[in-house]
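*Asks:* Here is the input, now give the coordinates:
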Amino acid sequence: MANKNDHQLMKLTLTILVVMLVVDVSRGEFQRFQPSTKADGSVTALVIGDWGRKGEYNQSLLARQMGVTTEKMDIDFVISTGDNFYNDGLIDVNDPAFHQSFTDIYTAPSLQKTWYNVLGNHDYRGDALAQLSPILQARDNRWFCMKSFILDADIVEFFFIDTTPFQDKYFTNPKDHVYDWRGVIPREKYLSTLLQDLESALIESNAKWKIVIGHHTIKSASDHGNTQELVDKVLPILEANGVDLYINGHDHCLQHIASSDSPLQFLTSGGGSKAWRGVYDWPNPKEMKFFYDGQGFMTLDITHRQIGLNFYDIFGNNLHKWSVTPLPSIISAI
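*Replies:* The predicted model follows:
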């Protein structure tokens, strides 16, 4: 029988291995994964952000409605746009908040699919590497979290990017918050690598549709507004490489903003719990297709011929729908 020292050594060895694995996937380099999709290649996904409050601020009520709304949709997976655990991320891999805010909340049969998560700024205030740990995936096999990665579903590729390190204020004016920058420092090298990897992956992509997922806004009419660092560094790459949608959380609302300069659409799904901030400011009404300052979620339906999206509130009301199809010359080539 193993003694106490043996158990401690085994625990230490496991911890070291987990840290090695986590650090290896936190450098900003893109790894590619293939999700389970339908036989015809189409994809249906639910998108939710800014949710983890142990059921409070209507998180539980919204989770129940997510289950009801998607019961007949046959979703393939869930996309989380970050700020998975409030207020300060997870303490470590043993933090009960993982079950209290995730496993015990999203219990509907239709939500028992893989959740593809990115980190938000609140996640970085705790043990950010804990959310990347395979220990959590072992506790709930739905959980999948990396800083940046590609989800390759053949007709569509989702490019998940780590947006928190782009914001200068988290480094220069943290406001008494402590951020877990392991794997990010040196920051300039991390961001340079991330941008190079994103641009290369988009250039090399042969997918019909390209969708980029990040926590922070590029364009937003709500509390946080536009994220200037992303406007300066990320937006030109998206516009130059035919990205169809940029989807984010961060602002606790639902919104759809069209671009005046390109076909790129900006979508916010950050209404997973605390909302109703009472802020709206957008100068061009022609660009603002939809804004809802409350709790809710979004669904995506993607086929060879169309992307369709729907926004829902906490009662399951369909607040906004929109779709886009490729150019006729592209359709004829399918």
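*Asks:* low-confidence ranges in the stretch 151-300 of the chain?
*Replies:* Across the stretch 151-300 of the chain, nothing is flagged by pLDDT under 70.
*Asks:* Okay, now the sheet partners of the helix or strand where Met298 lies, with direction.
*Replies:* Under the criterion of DSSP states H and E, Met298 resides in strand 296-302. Sheet pairing for strand 296-302, assigned by DSSP bridges, gives strand 43-48 (antiparallel), strand 307-313 (antiparallel).
*Asks:* Only C-alpha atoms, please: export that strand in PDB.
*Replies:* C-alpha atoms of strand 296-302 as PDB (Å, rounded to 0.1, in the frame of the first residue of the first chain):
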ATOM      1  CA  GLY A 296     -30.300  36.200 -23.900                       C
ATOM      2  CA  PHE A 297     -28.300  34.100 -26.300                       C
ATOM      3  CA  MET A 298     -27.700  33.500 -30.000                       C
ATOM      4  CA  THR A 299     -27.900  30.500 -32.300                       C
ATOM      5  CA  LEU A 300     -26.100  29.900 -35.600                       C
ATOM      6  CA  ASP A 301     -27.400  27.700 -38.400                       C
ATOM      7  CA  ILE A 302     -24.700  27.200 -41.100                       C
END
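*Asks:* Make 59 the starting number, not 1.
*Replies:* Got it, the first residue is 59 from now on, which makes the last one we talked about strand 354-360.
*Asks:* List of residues touching stretch 140-149?
*Replies:* 107-111, 153, 155-156, 159-160, 175-186, 188-189, 203, 221-222, 235, 238, 272-273, 307-308, 328, 331-332 (Cβ atoms under 8 Å, 6 or more residues apart in numbering). Quick note: C-beta positions are derived from backbone N, CA and C, even for glycine.
*Asks:* What about those residues, which are in helices?
*Replies:* 155-156, 186, 188-189 (DSSP state H).
*Asks:* about what we covered before: looking at the strands paired with strand 354-360, which is buried most?
*Replies:* Ranked by mean neighbour count under mean count of other Cβ atoms under 10 Å, these are led by strand 101-106, which reaches a mean of 25.
*Asks:* For the residue nearest the centre of the chain, give me the pLDDT.
*Replies:* Nearest to the geometric centre of the chain sits Thr139, at 2.5 Å (Cα atoms, centre = their mean). Here, the pLDDT recorded for Thr139 equals 98.
*Asks:* Then Pro384?
*Replies:* In this model, Pro384 is scored at 80, pLDDT.
*Asks:* Please tell me how far the closest residue to Tyr164 other than its chain neighbours sits from Asp132.
*Replies:* Leaving aside its sequence neighbours, Tyr164 sits nearest to Ala121 (Cβ to Cβ, 6 or more residues apart in numbering; 5.2 Å). With distances taken as Cβ to Cβ, to the nearest Å, Ala121 is found 19 Å from Asp132.
*Asks:* of these two, who's got more company?
*Replies:* Neighbour comparison, Ala121 and Asp132: the larger count goes to Ala121, with 23 against 11 (by other Cβ atoms under 10 Å).
*Asks:* Tell me if the more buried one really is in a helix.
*Replies:* Yes. Assigned with DSSP: H, G, I helix; E, B strand; the rest coil, Ala121 falls within a helix.
*Asks:* Pretty sure it sits against Asp162.
*Replies:* No. Ala121 lies out of contact with Asp162 (Cβ atoms under 8 Å); the separation is 9.7 Å.
*Asks:* what sits in contact with each of these two?
*Replies:* Joint contacts of Ala121 and Asp162 (Cβ under 8 Å, 6+ apart) are Gly113.
*Asks:* What is the burial count for Lys96?
*Replies:* By the measure other Cβ under 10 Å, the count of residues near Lys96 is 12.
*Asks:* quick one: contacts for the residue nearest to Tyr164?
*Replies:* Neighbours of Ala121 in contact, by Cβ under 8 Å, 6+ apart: 113, 163-166, 169.
*Asks:* try Val101
*Replies:* Applying Cβ under 8 Å, 6+ apart, the residues contacting Val101 are 93, 95, 134, 211, 213-214, 358-360.
*Asks:* out of these, which are buried?
*Replies:* The neighbour-count test (16 or more other Cβ atoms under 10 Å) marks 93, 95, 134, 211, 213-214, 358-360 as buried among those.
*Asks:* now the strands: where do they sit in the stretch 109-258 of the chain?
*Replies:* 135-138, 173-175, 201-203, 207-210, 214-218 (DSSP state E, counting those that start in this stretch).
*Asks:* Would you format those as JSON lines with distance to Val337 included?
*Replies:* JSON lines is the format used below for the strands of the stretch 109-258 of the chain (distance: least, Cβ to Cβ, whole Å):
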{"stretch": "strand 135-138", "distance to Val337": "23"}
{"stretch": "strand 173-175", "distance to Val337": "26"}
{"stretch": "strand 201-203", "distance to Val337": "29"}
{"stretch": "strand 207-210", "distance to Val337": "31"}
{"stretch": "strand 214-218", "distance to Val337": "27"}
